[in-house]
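K.L.:
Predicted coordinates and the sequence they were generated for:
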Amino acid sequence: MEHAHYRNALICALDLPTYSQIEPYLEHIEFGRGEVFYEPSQPIDKVYFPHTGVISLLSVMEDGSAVETSTIGSESAVGLLAGMTPINAFSRIVGQTPGLASSIEAERLRTLTERLPMLRDVVLRHYDALLANAQQSVACNALHDVQERFCRWLLICHDRTVDGEDMQLTQEALAMMLGVQRTTVSQVASLLQEAGLIRYQRGRMRVIDRRGLERRACECYRRVCIHNDRILPTTPAVDGPCEAL
């Protein structure tokens, strides 16, 4: 993967001296919808930096049911805290839409984080943003109606989709993400389609009117975006690997 194709904000935030220390250890991969990165209690031995696609953290119950607690895209990383200390996964971590990512061995990243201040700062900022996202999701699930949460989730996915691409989202996946029945997903999707906000057919969804979705989404989408903009880098480092983007 050429440097100009990097989209992950955490990698792009690194200056060239820091990036040059991790670049030799990065492996570039593709992941598919439904691909499981980690199961609960599994040691995190690799850290993944998505460039495209959506990855979900699912809380799994004893009866096998699951609900999404957080979403990860190109602004974030999977298992990044393992770059500070050995940890096990708490959630099931699964690809929600296909994408590309760079990975690095967690043990190698810990060694680099110990001696690279900029890398350590990125890890800590990411952890703060991920925690805020999870906290807001708890409040959202308790206080907001399905349509508001549906719109919020579509906006999150749209933010992490390459321009012009449809999102591959089945009713089953949407139901799990929202913690509702598939019939509810079908009803809400139909309402949004009739309003001209989306086009949804055979598991493929396209956003037609983004501003309309933003008006119908709950406040949680905007609140998390504002916090992420404050805590995470939003533009590539001046002398970093993604300067050309």
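P.N.:
Done, it's in.
K.L.:
From here on, just use CA atoms for contacts and neighbour counts.
P.N.:
OK.
K.L.:
Do a quick rundown of the strands in the chain.
P.N.:
Counting by DSSP state E, the chain has these strands, from start to end: 27-31, 36-38, 46-50, 54-60, 66-72, 92-97, 99-105, 167-168, 198-201, 204-207.
K.L.:
Tell me which of those strands lies nearest to Asp145.
P.N.:
Set against Asp145 and scored by C-alpha to C-alpha, these come closest in strand 66-72, at 15.8 Å.
K.L.:
Packing partners of the closest one?
P.N.:
The helices and strands touching strand 66-72, judged by 3 or more C-alpha pairs under 8 Å, 6 or more residues apart in numbering; DSSP states H and E, are strand 54-60, helix 117-143, helix 171-178.
K.L.:
For Val122, find the nearest of the strands of the chain.
P.N.:
Nearest to Val122, of all the strands of the chain, is strand 46-50, at 12.4 Å by C-alpha to C-alpha.
K.L.:
Outside of the closest one itself, list whatever touches it.
P.N.:
By C-alpha atoms under 8 Å, 6 or more residues apart in numbering, the residues outside strand 46-50 that reach it are 7-8, 10-11, 72-80, 82-83, 99-106.
K.L.:
gap between the closest residue to Cys140 other than its chain neighbours and Trp153?
P.N.:
Leaving aside its chain neighbours, Cys140 sits nearest to Cys220 (6.6 Å; criterion: C-alpha to C-alpha, 6 or more residues apart in numbering). Distance of Cys220 to Trp153, given as C-alpha to C-alpha, to the nearest Å: 10 Å.
K.L.:
again, but for Tyr6
P.N.:
24 Å.
K.L.:
out of these two, which sits in the more crowded spot?
P.N.:
The residue with more neighbours, out of Tyr6 and Trp153, is Tyr6; 23 against 18, by other C-alpha atoms under 10 Å.
K.L.:
Tell me who's in contact with the residue most central in space within the chain.
P.N.:
For the chain, the residue nearest the mean C-alpha position is Ile72 (1.4 Å; C-alpha atoms, centre = their mean). By C-alpha under 8 Å, 6+ apart, the contact set of Ile72 is 50, 54-57, 78.
K.L.:
Could you point out which of those residues is nearest to Cys242?
P.N.:
Nearest member of the contacts of Ile72 to Cys242, counting by C-alpha to C-alpha, is Pro50, at 14.3 Å.
K.L.:
For Ser56, see how far away Leu112 is.
P.N.:
27 Å.
K.L.:
which one of these two has more residues nearby?
P.N.:
Ser56 (24 against 18).
K.L.:
Just to check, that one is in contact with Thr97?
P.N.:
No. If you go by C-alpha atoms under 8 Å, Ser56 and Thr97 don't touch, sitting 9.2 Å apart.
K.L.:
what sits in contact with each of these two?
P.N.:
By C-alpha under 8 Å, 6+ apart, no residue touches both Ser56 and Thr97.
K.L.:
For the residue lying closest to Ser103 once chain neighbours are set aside, give the beta-bridge partners.
P.N.:
Nearest non-adjacent residue to Ser103, counting by C-alpha to C-alpha, 6+ apart: Tyr48, 4.4 Å away. On the basis of DSSP bridges, Tyr48 is bridged to Val78, Ser103.
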